[in-house]
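>>> coords please:
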Amino acid sequence: MTQAQSFIHRFEPGREPGASPLLLLHGTGGDETDLLPLGRAVSPASALLSPRGKVLEGGMPRFFRRLREGVFDQEDVRARAHELADFIAEARAAYGLPAPVALGFSNGANIAAAVLQLRPEALAGAILLRAMVPLDDPPPAQLGGKPVLLLSGQMDPIVPADNAARLAGLLRDAGAVVRHRVLPSGHGLSQADVATASAWLQELAATPPVPAEPRG
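Presented below is the predicted three-dimensional model:
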């Protein structure tokens, strides 16, 4: 089987036909193996596609550059989001996959949100864990009812509550069907994230797509 080569990555085939593949996007300092256990816990039957971010910050992989905590290099965010979307298309052809649902944590969730805003066709939906607004001036996007689960931490010292709420609003305004939950946790992940994400995916698989509400 031809392998996608533009990102170092891991691929694990799905265990049941019809299960949505997951695109696993690690946080700062993670790699292509970091979220494999999370992916399996959230959706045991799914194919898992897990790339390693190409940007290094103090030797730690990331998906895009930042100028300081919470301040992102906007040009790099855009370039890296397009690069990741191109990899998704490459991997889909190599492995015979439908569009995946992104499962991203922190920096990985932020790049997933940027892909939704810049290249919405690349993803079938997204689970965004501890995400914040990645683009200061996002272009108009047509998300056409794509499902998004945004899980924030009530005591998160990195992502301000109003920033996460703004991201939810931006994605809704672009036509996504967004469910935003604030969990009693910090920036790190908890069992509540796993349970909530797993239940959301099961609900998604059991129900037809919900059309986006018209925006006037």
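
>>> what bits of this protein have low per-residue confidence?
Flagging of the chain using pLDDT under 70 yields the residue ranges 1-4, 208-216.

>>> again, 80 this time
Residues of the chain meeting the criterion pLDDT under 80: 1-4, 207-216.

>>> which residue ranges form the strands in it?
Using DSSP state E, the strands of the chain run over 9-12, 22-25, 48-51, 55-57, 60-62, 66-68, 71-72, 101-105, 125-129, 147-153, 177-183.

>>> The fifth one: how far from the chain's middle?
Distance, stretch centre to chain centre, for strand 60-62: 16 Å (C-alpha atoms, centre = their mean, to the nearest Å).

>>> same question, the last one
Its chain's C-alpha centre and that of strand 177-183 lie 14 Å apart, by C-alpha atoms, centre = their mean.

>>> ok, now the shortest one?
Taking C-alpha atoms, centre = their mean, one finds strand 71-72 lying 18 Å from the centre of the chain it belongs to.

>>> neighbouring contacts of that strand?
Strand 71-72 is contacted from outside by F64, R65, R66, N110, P134, using C-beta atoms under 8 Å, 6 or more residues apart in numbering. All C-beta atoms are positioned from the backbone trio N, CA, C, and that covers glycine.

>>> wait, doesn't the first one sit right on A112?
To tie it back to what came earlier, the one meant is F64. No: contact between F64 and A112 fails when scored by C-beta atoms under 8 Å: they sit 11.5 Å apart.

>>> Save the strands of the chain as JSON lines, and put in distance to Q117 and mean neighbour count too.
Shown next, in JSON lines, are the strands of the chain (distance: least, C-beta to C-beta, whole Å; neighbours: other C-beta atoms under 10 Å):
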{"stretch": "strand 9-12", "distance to Q117": "23", "mean neighbour count": "18"}
{"stretch": "strand 22-25", "distance to Q117": "15", "mean neighbour count": "30"}
{"stretch": "strand 48-51", "distance to Q117": "19", "mean neighbour count": "25"}
{"stretch": "strand 55-57", "distance to Q117": "19", "mean neighbour count": "14"}
{"stretch": "strand 60-62", "distance to Q117": "18", "mean neighbour count": "20"}
{"stretch": "strand 66-68", "distance to Q117": "17", "mean neighbour count": "11"}
{"stretch": "strand 71-72", "distance to Q117": "13", "mean neighbour count": "15"}
{"stretch": "strand 101-105", "distance to Q117": "12", "mean neighbour count": "27"}
{"stretch": "strand 125-129", "distance to Q117": "11", "mean neighbour count": "29"}
{"stretch": "strand 147-153", "distance to Q117": "11", "mean neighbour count": "24"}
{"stretch": "strand 177-183", "distance to Q117": "13", "mean neighbour count": "17"}
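
>>> between these, which one is nearest to Y95?
Ranking the strands of the chain by proximity to Y95 (C-beta to C-beta) places strand 9-12 first, at 5.9 Å.

>>> which secondary structure elements does the closest one contact?
Counting contacts by 3 or more C-beta pairs under 8 Å, 6 or more residues apart in numbering; DSSP states H and E, strand 9-12 packs against strand 48-51, helix 74-95.

>>> mind checking which of these is nearest L150?
helix 74-95 (17.5 Å).
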